[in-house]
Every structure is written in C-alpha cells, then in structure tokens.
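Chemist: requesting a structural model of the entry that follows:
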Amino acid sequence: MSGCSIRALWILSPQDTVVFSRRFPVVEKRWLVACERERAAAEDLEHSRQTSLPSDPELASAFAERKRREGSARGFGIRVAQSSSGSDSWIDDPITRHIISLHIHREAEDEFLLWPLVLHVKGSYCILVLPLVEPQQFQAYERKCQRPGCGDSVGEEDSLSSLLLSLPCITGAFMVAHTVGDIIAGDTVEPEVIVGSTPSVGGLLDSLTGSIGISGISARAKPVSAPVVASTASGASSVGAVISDIPKSTTRPIDKDALRTFISSAMPFGTPLDLNFSNISAIKANGFSASDMPPADLKQPAWKPYLFKGKQRVLFTVYETIYAAMYDRDEIPDVITISGQVNCRAELEGLPDVSLPLTRLSSAHVDVLSFHPCVQVSEQGLDKQSMMFSPPLGNFTLMRYQAFSGLDPPVKGFYQLSMVSEDEGAFLFKLRLMEGYKAPLSMEFCTVAMPFPRRRVASFDGNPSTGTVSMTEHSVEWKIIATGRGITGKSVEATFSGTIRFLPRTGQRIPSMSRSVTGSVVEEDSDIEQESTNNIVNIDEYLMEKMNKDLQAVDLEEPFCWQAYNYAKVSFKIVGGVLSGMSIDPKSVSIYPSVKAPVEFSMQALSGDYILWNTLGTCPFAVSPEIKR
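Modeler: Prediction:
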C-alpha cells in the first residue's frame, strides 16, 4: 500500500456521536510541515493557514450539520436546487457521495475545511478515514467548491473523480475503511475456496485455513477460526459476503480492544502495512518461534507472518455472479453481465513463487479488473496474461474480473402480470432452464420470487408444471429446482400460471412523487427522525424508503410499486463451470522452487440481481449509445 498514510479515522453511531477515533501524530506532523512549506512558497499566509485535527465533538457536530445540509450522510453527489456554494454537492461529481468534506467550527476561530474524508457505511455506523494528500490537491478542491458552473464530466482530466481515483492514498483509505467496517460488523470471513474432504494435519493455522498445520507452536492458543468450505457444501452465502456490502439493520457493539490492536499492528504510525485481520489475530494470539524463521537469503513479506509446514497443495476456485435484466421485448434487448473472481489458497512450504498463465481472455470476453497485491503481471496481451505471485497464508482473492456470457442465459423466458380488479391479478411464467448447457455444468437449485412490497398477499391459485410454491405476506416464491435435486446435461421447461389476491388497501392515497419529493428527508443510514422543517431530499434514498413501505399505488395500471416497477427475481447456483469460459489449467501452474504439490481447481456461478421484468408493465432500461465508425 505504497503512498498511503492516514491522518485520522473516526467511527460515528446512528446518533451522530463519535464512538471510536484514532489519530496518527506522525502523519499529522507531515501534513503540517507540508502546509508550512506550501505557505512559504506561495507567500499567502491567510489562504494557506491550516488548523490541527478537530476534536471528537467538533467532528460529530460538523458531520450532523452536513447531513442536514446534504440530505443524508452521503448527500446528493450532484448539484441540485438545494446545493449551496462550498458544499459537496456543489462540486457536481458523484464521487462526493463517498469522499466528503466537513466544515469545522471552533469558538474564536474561523471555520476550516477537512478533506478528503473517505466515507464508508457499515451497518448502523459511519466510518470516516482522512488520508494524507498534498496541499496543492487540497487547494484544488477548495477552488472547485467555489466555481460557479457545474463540474466536469466524470472521466474528464479536470474532474474530481479523475484526480482522486489516481491517488494511492484514496484507494488505501477505502481499504482501511472497509476493513474497519468488517471488524466492527464481525464480517472478517476469508474468501471461500472449495476444497476436497481431506483430514486436517493440525497445528496453528487450522483455524485460519481449515487444514494447515505448523510445527513447533501448535500447543499455543489458536486465533479465531475462519471457515473453509468442503467440496460438498453449497457456499452460496459466503460468496455474497465477499463481493457485497449490504447494510445491516441491527447495531453491533464495537469491540474497541480488538479494533485498537488491529490498528496498532496493521497500520503502525498511520501507514497501512497488512490489513489481513486473520494474520493480525494469529500474530497476537500465537507470537513466533525460532522454527518459523525463513531462509537467510529470502525476505519474508509482512502478509505471510508464518511459514507453512505440512502436506503441500494449491487450490483455485472461480466464482462468477450473473446479473441480468430480461425484458422479452423487441424494442429492448436483454442485458447479462458477469462479475467474477478467482480465489486461491496455496499450502506451500517456505516462500515459493507460483506462476500462472491466463489464456483465452479475449475469446472468453474477460476483462481483468484487479489483482491481489502479491501478484506481479509479467506478460500482457490481447488474449493472454501471465502472473507470478508469492502467496500469503489462508484464502485470498487472486484477481477480479468482468465478463460477458459465452452461453445463453441459464434462465430465460418471460413473466407477465396484469390486474383484473383492484385486488386481484393474473400472472404467467414461461421459462427454460439450462438450455444448451452440457455436463459437467449442473444447476443445483433455482427459485423465482414475485415480490409485492406494497400489497399484502391474501392467497393465490395455480399449479406450476414443476416444483413447489410457497407464500409470504409480501411475496410468492416458486422453487423450480430444490436444493439437492439439481439438473445436469439437460434443459427444463417450466410454466406457472394463476391468479393472486391481495388484501384490501387501507389509508389514503399517496400523492405523486412530483408533488412530494421536497417534502421530507429519508435516511438510509440513520434511524433519527428528521426535523419537519427540513425540506432537502436525497432522491434515491427517498425512493428506496418509499419502496419498502405498504403505500397506495398511483393508479390501477401500476398497482404494486409506487413510482417503481414490477418484476420477478431469479436465484440459482451452477457448479462444474462458469458462463464466461474463464478457466485455469492445473498443468500450466508452475512453482519455484519446484515441489510436488497437486493443483485443484473448481468453478461456481451464482445469480446476483437476475430480474425478469413484467412484460405487460413499465420497466427501466438504458439506451446503448450508437458507435460511430
């Protein structure tokens, strides 16, 4: 994490009070020295004057004031009518929803600006991380706060996004914020790697990787365990935890001692070195012994504090998450995108290097997004990339990528729903599953849910051609393929038609969005009731809140979602392969120094937001721009 230093970090509760903070005087001194140097060079004492870090009450007050001004903790991100000069939304750049500024007020002193603050919302808490930037970059932001015109387009050379995303300190601050958020929420599980069911050899790192043993210190206390999934487990929940960050409604008490220990070890003096919570926990719990010393001619990296001892092997698991918008309309094309990652665990003695070529990237429509910090990419081409890495302990994500599907959609067809009366609707599904998919690809389960967040379901009639149907208060769920009854090497045609009845509406009709959008504020990350005098609205948060309440429909043609849309959501899991064609040849993996270590490889594909839009209703879509040649 070269080039990243942290001046301070704060954690705020839903009541906008600081529950934890940490300042790094060494980094702060570097900031003050840089400001003095800039002031001397500019000979502008008043403009260049900088003030020390705010106290916890000062920061909490400024954060609460910003929430009132911007409509929420994240704010608008773009300039709207309520924006004022000097505010984040005045910059007119969506990145200000994640990198904010605070105006600090002090008695008998002028107001000063604190920027850039990386904002990460985890559960009920807001995490603010202040990285060290150059005074010139700070002054550039101040100028953008006062410019009369709107900001430049994202991606332009002079845009705020282009400036910040090219700075290592911003990327490092985001990593720090996400790691701290995982610790306070208890989400410190390692990435999932599918392994064979082999007996454990015991030892220190059994609790880290499930089957690793290190001789000499196995009698010491073991760190907190991290689960490893066997080859027979579904693993659907763990993958989602790796790539998503869904806020939780409950407030988990912060383990301040664990947080202090982690910060002191992971980022001493404010410079992040190793943000792997499992490594830090293992070091604290077990210490070191003389038998753990690396060879004299090799330098042991910080992210591998212990050397592996035991049966050697390397495991790779490719996970892909499929996102789809299925319209079944001639004028709107269906959209399918894939987000993938390659997880790895290398149980290798010493400090070896592992080389791995990736081929057929172009034919598989794979675009690599990022690599683990331990990876060195030595060869790049249109259809080939070679990488070499010195693997850390435990499970880790080797690379992330995006891709387009090389196969037909695993679930395709249409969903129709129309109202026959105020409280009764008729629906129809016609779906085909795994058409064109051959062994070894297998669909382990498939479920279709019809959500009705604004109506209460009274009953439904209809029998599907296959599977079972269940009902909840606000949804109907159709299990086409139950867990444990997967299909391999064949396609399945499934139909389901019937009627659904809702309980009568209660309460008054809700006025249209156009008349009420400025009437109140809804917070996505706070449970505090807002003052009635506040008339600033964060539009996307306002809509999300309204969509989660049992509100009246605008009219009979849009009876389910108030100013939203009606859809069905598909959930499934495919094993034995992935849709992009991404693959790793175990025979092409080489290890130096050469050892006899088997290479295991597995693949899975899971559904993300896989949506079937109601063919008879309205639906959102983006028009693809025409490419001029």
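Chemist: can you pull the phi/psi pair for residue 174?
Modeler: phi -60, psi -40 (degrees, to the nearest 10).
Chemist: contact partners for it?
Modeler: 118, 120, 129 (Cβ atoms under 8 Å, 6 or more residues apart in numbering). (Each C-beta comes from the backbone N, C-alpha and C, glycine too.)
Chemist: could you list the buried residues of stretch 80-89?
Modeler: 80, 82, 83, 87, 88, 89 (16 or more other Cβ atoms under 10 Å).
Chemist: contact partners for the first one?
Modeler: So that's residue 80. Here residue 80 is in contact with residue 89 (Cβ under 8 Å, 6+ apart).
Chemist: which stretches in the stretch 351-500 of the chain count as strands?
Modeler: 353-359, 366-371, 375-380, 384-389, 396-403, 411-421, 424-433, 442-451, 457-461, 468-471, 475-481, 487-488, 492-502 (DSSP state E, counting those that start in this stretch).
Chemist: how about residue 451: what's its closest non-neighbour residue?
Modeler: residue 475 (4.7 Å; Cβ to Cβ, 6 or more residues apart in numbering).
Chemist: can you check residue 256 too?
Modeler: residue 20 (5.9 Å).
Chemist: my guess is the residue nearest to residue 451 meets residue 450, correct?
Modeler: Yes: counting by Cβ atoms under 8 Å, residue 475 touches residue 450, with 6.1 Å between them.
Chemist: looking at those two, which one has more neighbours?
Modeler: residue 450 (27 against 15; other Cβ atoms under 10 Å).
Chemist: bridged to the more buried one, which residues?
Modeler: Residue 450 forms beta bridges with residue 476, as assigned by DSSP bridges.
Chemist: please tell me how far residue 352 sits from residue 584.
Modeler: 18 Å (Cβ to Cβ, to the nearest Å).
Chemist: sorry, that was for residue 334
Modeler: From residue 334 to residue 584 the distance is 29 Å (Cβ to Cβ).
Chemist: out of these two, which sits in the busier spot?
Modeler: residue 584 (21 against 15).
Chemist: which phi and psi does that one have?
Modeler: Taking degrees, to the nearest 10 as the convention, residue 584 sits at phi -130, psi 130.
Chemist: report the buried residues of stretch 93-110.
Modeler: So for stretch 93-110, counting by 16+ other Cβ under 10 Å, buried means 93, 95, 96, 97, 98, 99, 100, 101, 102, 103, 104.
Chemist: could you give the mean pLDDT of it?
Modeler: For stretch 93-110, the mean pLDDT works out to 86.
Chemist: with stretch 459-475 instead?
Modeler: 92.
Chemist: CA atoms only for that stretch - export them in CSV, please.
Modeler: Extracted in CSV, the C-alpha atoms of stretch 459-475 (Å, rounded to 0.1, in the frame of the first residue of the first chain):
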residue,chain,number,x,y,z
SER,A,459,-54.0,-16.1,-1.4
PHE,A,460,-53.0,-17.4,-4.9
ASP,A,461,-54.4,-20.1,-7.2
GLY,A,462,-52.4,-22.1,-9.8
ASN,A,463,-50.1,-25.1,-10.1
PRO,A,464,-46.7,-25.0,-11.7
SER,A,465,-45.6,-27.6,-14.2
THR,A,466,-42.7,-28.4,-11.9
GLY,A,467,-41.6,-27.5,-8.4
THR,A,468,-43.4,-26.2,-5.4
VAL,A,469,-44.9,-22.8,-4.4
SER,A,470,-45.0,-21.0,-1.1
MET,A,471,-46.4,-17.7,0.0
THR,A,472,-45.3,-14.9,2.5
GLU,A,473,-47.1,-11.7,3.4
HIS,A,474,-45.5,-9.7,0.6
SER,A,475,-44.3,-12.3,-1.9
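Chemist: now that stretch: buried residues?
Modeler: 460, 462, 464, 467, 469, 474.
Chemist: adding distance to residue 299, write these out as a markdown table.
Modeler: Shown next, in a markdown table, are these (distance: Cβ to Cβ, whole Å):
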| residue | distance to residue 299 |
| --- | --- |
| 460 | 65 |
| 462 | 67 |
| 464 | 61 |
| 467 | 57 |
| 469 | 61 |
| 474 | 58 |
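Chemist: from these, pick the one nearest residue 125.
Modeler: residue 474 (28.4 Å; Cβ to Cβ).
Chemist: need the contact list for the closest one.
Modeler: 451, 452, 453, 455, 456, 457.
Chemist: any low-confidence regions in the stretch 351-500 of the chain?
Modeler: Residues of the stretch 351-500 of the chain meeting the criterion pLDDT under 70: 364, 379-383.
Chemist: can you do 80?
Modeler: Applying pLDDT under 80 to the stretch 351-500 of the chain picks out residues 359-365, 368-369, 378-385, 405-407, 454, 484.
Chemist: hmm, back to that, okay, and the residue nearest to residue 256 sits in which element?
Modeler: strand 18-23 (DSSP states H and E).
Chemist: check which helices and strands that strand sits against.
Modeler: strand 6-12, helix 56-70, helix 256-266 (3 or more Cβ pairs under 8 Å, 6 or more residues apart in numbering; DSSP states H and E).
Chemist: can you do 10 Å?
Modeler: strand 6-12, helix 56-70, strand 125-131, helix 168-185, helix 256-266 (3 or more Cβ pairs under 10 Å, 6 or more residues apart in numbering; DSSP states H and E).
Chemist: next SSE after it?
Modeler: Next element after strand 18-23 (DSSP H and E): helix 25-42.
Chemist: avg pLDDT for that next one?
Modeler: Helix 25-42 comes out at a mean pLDDT of 88.
Chemist: got it, and stretch 75-82?
Modeler: The model assigns stretch 75-82 a mean pLDDT of 84.
Chemist: could you dump that stretch to PDB, C-alpha only?
Modeler: These are the backbone C-alpha positions of stretch 75-82, laid out as PDB (Å, rounded to 0.1, in the frame of the first residue of the first chain):
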ATOM      1  CA  GLY A  75     -25.500  13.600   0.200                       C
ATOM      2  CA  PHE A  76     -26.700  14.200  -3.400                       C
ATOM      3  CA  GLY A  77     -23.500  13.700  -5.300                       C
ATOM      4  CA  ILE A  78     -24.700  16.100  -8.000                       C
ATOM      5  CA  ARG A  79     -25.700  19.800  -7.900                       C
ATOM      6  CA  VAL A  80     -29.400  20.300  -7.200                       C
ATOM      7  CA  ALA A  81     -31.500  23.300  -6.300                       C
ATOM      8  CA  GLN A  82     -30.800  22.900  -2.600                       C
END
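Chemist: pipe the strands of the stretch 351-500 of the chain into JSON lines and attach distance to residue 186 per row.
Modeler: Formatted as JSON lines, the strands of the stretch 351-500 of the chain follow (distance: least, Cβ to Cβ, whole Å):
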{"stretch": "strand 353-359", "distance to residue 186": "31"}
{"stretch": "strand 366-371", "distance to residue 186": "25"}
{"stretch": "strand 375-380", "distance to residue 186": "29"}
{"stretch": "strand 384-389", "distance to residue 186": "29"}
{"stretch": "strand 396-403", "distance to residue 186": "20"}
{"stretch": "strand 411-421", "distance to residue 186": "33"}
{"stretch": "strand 424-433", "distance to residue 186": "36"}
{"stretch": "strand 442-451", "distance to residue 186": "27"}
{"stretch": "strand 457-461", "distance to residue 186": "34"}
{"stretch": "strand 468-471", "distance to residue 186": "30"}
{"stretch": "strand 475-481", "distance to residue 186": "28"}
{"stretch": "strand 487-488", "distance to residue 186": "36"}
{"stretch": "strand 492-502", "distance to residue 186": "38"}
